[in-house]
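Trainee: just the structure for this:
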Amino acid sequence: MYLKELKEKKDEFLNREVKISGWIRNHRRQKDFGFIDFSDGTDFEHMQLVYDKEVADFEKISSLKNGASIEVVGILQESSGTGQDYEVAMKQVTLLGDCPDDYPLQPKAHSKEFLRTIGYLRPRANLFQAVFRIRSLASMAIHEYFQNRGYVYLHAPLITGSDCEGAGEMFQVTTLPLEKLKGEIDYKKDFFGKKAGLTVSGQLQGETFAMAFSKVYTFGPTFRAEDSNTKTHAAEFWMIEPEVAFCDLNGIMDIQEDMLKYIVQTILDKASEELKFLDRFAEKGLIEKLTTLVHSKFTRITHEEVITILKNADVKWEFEPVYGEDIAKEHEKYITEYFHGPVFITNWPKDIKAFYMKQNSDGKTVAAADLEIPGVGELMGGSQREENYDKLLTRMKELSMDPEEMEWYLNLRKYGTCVHSGFGMGFERLLIYLTGVDNIRDVIAYPRTPGNCEF
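Mentor: This is a model prediction of the structure:
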């Protein structure tokens, strides 16, 4: 029996014999009795196992070490101690897998940096039990949100010849013998007959499906060959990218707000024990922060209005706010504090945004919106997509893009075009917000960052 099942049916099994299997998280031995902190991973709460000298297996039980896997037969009973309602009085034990005294994950405080060096063991640590259970729940909440609203789930390709963002940060995929190559590379001899790389976004493919199904979303891994070592960047991460036909910028902002509140409320409802732990050990006030977001008003304000507010602020900026340019982290923080909650910044300068965004009538801005969240900064970026063939073609040429390479994307504007919009959200940045764990390396099972591809 698993602990999750035992917890759910505890009244049925109270004062009855049960058999459970799992791992010893901590063993506190006394002369005539002992306590074992026991977990099988199915529930965040552990089970306390108790034994005394009257048990036949006393010596055997007393010798069990932290980290060992065991099978236990005992009686489920109400606990006489504090910290748990129920415990198991051990009758007999079978050692399934022993553990040496130098087991790295001893019951003491370990730094997150140390735990990254034993990435194959850190899922057993309480912090990561909480983080990755929430990751699982948040993943399902995303699917539930879109599936319950009639979206089609698209598995966008991971290998592509299209650089969606145009930033040139793609990992190259090749079967050419790199150690033998000299001079100019002939990509016609490569596996795909052209230069290919790992996707930075499934958006462009998502748009093709939105023109057939109206509402689609992708949710899968993306890759950026960006030499960055910040707490919020990784070379491999997951993205959520919906694309919606017959939907303008205001409509897609409505969806972003509704989706985010749905995910956060799901975690509040289904991960209460994990959140209580993280509230104590990762971010004080985490539960209050999440609860506040669910009930927050999301402000909508233009980029130009934001710059005006920043310029009029009685603040000495490290980076001076400038009309027509991007905003810095300090600006994002100020704006969310100014409005006491999440803020959509809309109508961004055309020259700092991607080629596919809808050009506004002023000729200077695009119908784009970035969602800024208190304590996080930018969490999502979305836009109305340019549906006009001539405007999109002109913009691509302005950016020295090859229209022939993107003919299939341009043709969407020839064959039954319509107003459509979409957004992208980095899943791990959402998890940083949901868990209070401030480093992306600690919300990914095995993070891929510059110089690191372990496990």
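Trainee: for residue 279, give its distance to residue 434.
Mentor: For residue 279, the distance to residue 434 (CB to CB, to the nearest Å) stands at 12 Å. (Glycine included, C-beta is placed from N, CA and C.)
Trainee: got it, and residue 50?
Mentor: Going from residue 50 to residue 434 by CB to CB gives 35 Å.
Trainee: still on that earlier bit, look at residue 279 and residue 434 and report which has more neighbours.
Mentor: Taking other CB atoms under 10 Å, residue 279 and residue 434 do not tie; residue 434 has more neighbours (26 against 17).
Trainee: what is the mean pLDDT for the helix or strand harbouring that one?
Mentor: Per DSSP states H and E: residue 434 is located in helix 427-435. Averaged across helix 427-435, the pLDDT comes to 96.
Trainee: so what does that helix touch, helix or strand wise?
Mentor: If you count contacts as 3 or more CB pairs under 8 Å, 6 or more residues apart in numbering; DSSP states H and E, helix 427-435 packs onto helix 126-147, strand 236-245, helix 249-270, strand 377-384.
Trainee: contacts for that helix?
Mentor: Contacts of helix 427-435 with the rest of the structure, by CB atoms under 8 Å, 6 or more residues apart in numbering, involve 130-131, 134-135, 138-139, 142, 219, 232, 234, 237-240, 263-264, 267, 278, 282-283, 286, 290, 373, 375-376, 379, 437-440, 443-444.
Trainee: any of the residues you listed buried? List them.
Mentor: Buried subset of those (neighbour count, 16 or more other CB atoms under 10 Å): 130-131, 134-135, 138-139, 142, 219, 232, 234, 237-240, 263-264, 267, 278, 282-283, 286, 290, 373, 376, 379, 437-440, 443-444.
Trainee: now do the SS call for residue 197.
Mentor: strand (DSSP: H, G, I helix; E, B strand; the rest coil).
Trainee: okay, now it: neighbour count?
Mentor: If you count neighbours by other CB under 10 Å, residue 197 ends up with 20.
Trainee: just list whatever residues bridge to it.
Mentor: Applying DSSP bridges to residue 197 yields these beta-bridge partners: residue 160, residue 172.
Trainee: that one: what's it in contact with?
Mentor: Contact analysis of residue 197 by CB under 8 Å, 6+ apart lists 159-161, 163, 170-173, 223.
Trainee: out of these, flag the one nearest to residue 9.
Mentor: Nearest to residue 9 out of those is residue 223 (CB to CB; 44.1 Å).
Trainee: for the closest one, list the residues it contacts.
Mentor: Taking CB under 8 Å, 6+ apart as the test, what residue 223 contacts is 158, 170-171, 197-200, 235-236.
Trainee: try it again with 7 Å
Mentor: Contacts of residue 223 were listed using CB atoms under 7 Å, 6 or more residues apart in numbering, and they are 171, 198-200, 235-236.
Trainee: try residue 420
Mentor: Residue 420 touches 207, 210, 243-247, 385, 387, counting by CB under 7 Å, 6+ apart.
Trainee: if you set the cut-off to 8 Å instead, what comes out?
Mentor: Here residue 420 is in contact with 207, 210-211, 243-247, 384-385, 387 (CB under 8 Å, 6+ apart).
Trainee: low-confidence stretches in the chain?
Mentor: Applying pLDDT under 70 to the chain flags residues 163-168.
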